[in-house]
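[1] No sequence on hand, only this structure:
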């Protein structure tokens with residue numbers, strides 16, 4: 001009878017041969033910076049103090065049978081569970097969700113981080129191709145579905161001690177009806193943008209701007225759900241890394257991906273005569289067009305809250321700019337339809353933002369003064 005791994009959340013550290021490795025890292029440094037997530041690459045360096053090779057298999061796996069099979073097939077090599085995090089909505093912990101993962105030491109100088117939809121194998125230079133092949137064959141027996149590339153892949157850029165890295169995140173699958181949530185001039189632009197981001201080996205820049213609350217971020221989420229490309233998000237506090245010479249080297253490892261930069265007014269603003277060139281803007285221009293853009297095929301989507309008049313004319317050049325759209329308040333008749341659809345029993349008398357519509361219950365709109373101010377009027381029964 002096959003033995004099943006213990007499903008309780010636990011840490012198991014086992015040193016089969018009582019070997020001690022001089023480590024270049026301290027134990028706490030095996031965690032990714034500003035995260036509780038363990039880095040398999042850092043664990044390898046911590047254990048063996050040498051550089052590594054990495055092999056990735058992006059498939060859906062039967063997680064528990066795979067772990068059990070590896071433990072049995074490589075038991076003689078000292079295969080063990082170094083760490084596991086199992087999350088489940090079920091009290092019996094039977095069905096792990098997509099955040100569950102196992103970190104295994106398959107044999108000396110071979111580690112594997114295994115999730116339901118991904119497997120990373122990190123191994124040393126002394127491991128032969130035959131040894132690696134045998135491990136991969138065991139793992140492939142438990143593939144149960146299509147490549148993970150058929151699901152959206154969302155990553156955020158993070159800055160660590162050794163440079164820029166990507167952190168993977170799951171995005172809630174929230175369906176957005178473009179027709180009811182945006183004005184009538186937007187569906188044509190939406191179609192053009194989706195065609196662009198899903199085209200292989202294409203590069204260019206998309207500008208999405210407009211006042212706060214008009215649905216820019218909601219639309220970005222909608223795009224993520226409608227592409228199979230790798231989506232890379234650059235958070236606001238790291239905007240300055242675009243000006244770093246190492247940024248182009250970093251992004252060159254993620255060709256044919258989508259780079260999303262929110263609230264980037266300062267990067268896109270018009271360059272003043274007699275001032276130094278804005279290196280962040282120059283790097284964006286190079287990604288959007290020219291030889292570098294052709295080589296990397298990175299699709300850049302920029303959002304900002306100011307008007308288009310503040311943007312440097314170089315960004316707007318035909319051939320570099322794929323599409324641009326200004327998000328405005330939802331027109332009165334469309335806002336009324338959406339409010340009715342959401343079951344909000346009020347009458348709207350002027351254009352309002354999506355944020356005002358979806359946060360209606362959080363505000364005291366029963367006060368007559370506020371109703372008049374924002375253009376709401378209650379129905380008279």
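    Yep, it's here. Please read these numbers as outputs of a predicted model, since none were measured by experiment.
[2] switch to C-alpha atoms for all contacts and neighbour counts from now on
    OK.
[3] where are the low-confidence patches of the stretch 251-381 of the chain?
    Regions of the stretch 251-381 of the chain meeting the criterion pLDDT under 70 cover residues 273-276, 361-381.
[4] Helices of that one, start to end?
    265-268, 279-288, 290-296, 332-341, 354-358, 368-374 (DSSP state H, counting those that start in this stretch).
[5] which secondary structure element contains residue 223?
    Under the criterion of DSSP states H and E, residue 223 resides in helix 216-224.
[6] hmm, who's touching that helix?
    152, 154, 171, 174-176, 194, 208-210, 231, 303, 327 (Cα atoms under 8 Å, 6 or more residues apart in numbering).
[7] can you put the residues you listed in TSV and add secondary structure, distance to residue 70 and neighbour count?
    Listed next are these as TSV, based on DSSP: H, G, I helix; E, B strand; the rest coil; distance: Cα to Cα, whole Å; neighbours: other Cα atoms under 10 Å:
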residue	secondary structure	distance to residue 70	neighbour count
152	coil	28	19
154	strand	29	20
171	coil	30	13
174	coil	37	10
175	coil	39	11
176	coil	42	15
194	helix	41	14
208	strand	48	21
209	strand	51	24
210	strand	53	19
231	strand	32	24
303	strand	46	22
327	strand	52	20
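[8] Bridged to the residue nearest to the spatial centre of the chain, which residues?
    Residue closest to the average C-alpha location in the chain (Cα atoms, centre = their mean): residue 154, at 2.0 Å. Note on residue 154: beta-bridge partners residue 169, residue 231, judged by DSSP bridges.
[9] next one: the one 10 residues further on
    In this structure, residue 164 has the following beta-bridge partners (DSSP bridges): residue 159.
[10] the strands in the stretch 1-150 of the chain, which residues?
    Remark: strands assigned in the stretch 1-150 of the chain by DSSP state E, counting those that start in this stretch are 10-11, 53-57, 59-61, 80-85, 101-107, 110-115, 118-123, 143-147.
[11] between those, which one is nearest to residue 308?
    Set against residue 308 and scored by Cα to Cα, the strands of the stretch 1-150 of the chain come closest in strand 143-147, at 40.0 Å.
[12] you'd agree residue 241 is in a strand?
    No. With DSSP: H, G, I helix; E, B strand; the rest coil as the criterion, residue 241 is assigned helix and is not in a strand.
[13] Tally up the residues packed near it, please.
    A count of nearby residues for residue 241, using other Cα atoms under 10 Å, gives 16.
[14] what's it in contact with, if anything?
    247, 280.
[15] now it: how far from residue 232?
    According to Cα to Cα, to the nearest Å, residue 241 stands 14 Å off from residue 232.
[16] now do residue 65
    Here the criterion is Cα to Cα. By it, residue 65 lies 32 Å from residue 232.
[17] Which of these two has more residues huddled nearby?
    Comparing residue 65 with residue 232 by other Cα under 10 Å, the one with more neighbours is residue 232, at 22 against 17.
[18] Look at the more buried one and report its pLDDT.
    Residue 232 carries a pLDDT value of 93.
[19] My read is that it contacts residue 165, right?
    No. Contact criterion Cα atoms under 8 Å: residue 232 and residue 165 do not qualify, at 10.7 Å.
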